[in-house]
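Peer 1: Have a look; sequence and predicted model below, questions after that.
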Amino acid sequence: MKAASVQEIKAALKEKDEKELMELCLRLVRYKKENKELLTFLLFEADDLPVFIQGVNEEIDEGFAALNKDSYYIAKKGLRKILRIANKYVRYAGNKTVEVEVLLHFCTAFKGLKSSWQKTGALAMLYAAQLKKIKAALETMHEDLQYDYRRGLERLSE
């Protein structure tokens, strides 16, 4: 089965009444956890982004607290899992400010690890890639916000 384009779906949704739209949304939510999480964000958390960012940062901190640092392999898998969760929430928000704040927090926690991750190529590249994503997101933001976040980025780049 070939999926319809966004425009085709939009046109078909315009023809549905309110009750049918609600049924379609509820059916969509039943089948995938990510759809349910996105709808939860849009309905309950999208209006208060600072609280959402704080919750994401707390989840990142919990991930770092539970991280097994005995083996680089296990630590790398754990870090990628934390990053995958952070990127999922960034994708839900669709906001560059949220992206910068969450990734800055991730990089700060990453840099605060008590292991010599800089010597491990894969972990160093993971960290560098996040700094690059932060820089790219900063380029699209307002100049005043850029200045505030660049200072935090400079501290991480040292």
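Peer 2: Cool, the structure landed.
Peer 1: for this protein, which helix is longest?
Peer 2: Selection of the longest helix in the chain by residue count, based on DSSP state H, yields helix 72-93.
Peer 1: and that one, what does it pack onto?
Peer 2: The helices and strands touching helix 72-93, judged by 3 or more C-beta pairs under 8 Å, 6 or more residues apart in numbering; DSSP states H and E, are helix 33-40, helix 49-65, helix 96-111, helix 121-139. The way it works is simple: take the backbone N, C-alpha and C, and place the C-beta from them, glycine included.
Peer 1: Give me the buried positions along that helix.
Peer 2: Judged by neighbour count using 16 or more other C-beta atoms under 10 Å, the buried positions of helix 72-93 are A75, G78, L79, I82, L83, I85, A86, N87, Y89, V90, Y92, A93.
Peer 1: now these in TSV, with distance to Y147?
Peer 2: Shown next, in TSV, are the buried residues of helix 72-93 (distance: C-beta to C-beta, whole Å):
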residue	distance to Y147
A75	34
G78	33
L79	29
I82	28
L83	26
I85	29
A86	24
N87	25
Y89	25
V90	21
Y92	27
A93	22
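Peer 1: between these, which is closest to L38?
Peer 2: Comparing those against L38 with C-beta to C-beta places Y92 closest, at 5.5 Å.
Peer 1: for the closest residue to the closest one other than its chain neighbours, what are its contacts?
Peer 2: Leaving aside its chain neighbours, Y92 sits nearest to F41 (4.5 Å; criterion: C-beta to C-beta, 6 or more residues apart in numbering). Going by C-beta atoms under 8 Å, 6 or more residues apart in numbering, F41 touches F52, Y89, Y92, A93.
Peer 1: on that earlier part again, let's test this: mean pLDDT of the longest helix of the chain, rounded?
Peer 2: Mean per-residue pLDDT for helix 72-93: 92.
Peer 1: what's in contact with it?
Peer 2: Counting by C-beta under 8 Å, 6+ apart, 34, 37-38, 41-42, 46, 49, 52, 56, 59-60, 63-64, 66-69, 98-99, 102-103, 106, 110, 115, 117, 120, 122-123, 126, 130 sit against helix 72-93.
Peer 1: Buried ones among those residues?
Peer 2: 38, 41, 52, 56, 60, 63-64, 67, 98-99, 102-103, 106, 110, 117, 120, 123, 126, 130.
Peer 1: give me the low-pLDDT residue ranges for the chain?
Peer 2: Per-residue confidence for the chain (pLDDT under 70) gives these ranges: 116-119.
Peer 1: what's near enough to touch E101?
Peer 2: E101 touches I53, N57, Y149, counting by C-beta under 8 Å, 6+ apart.
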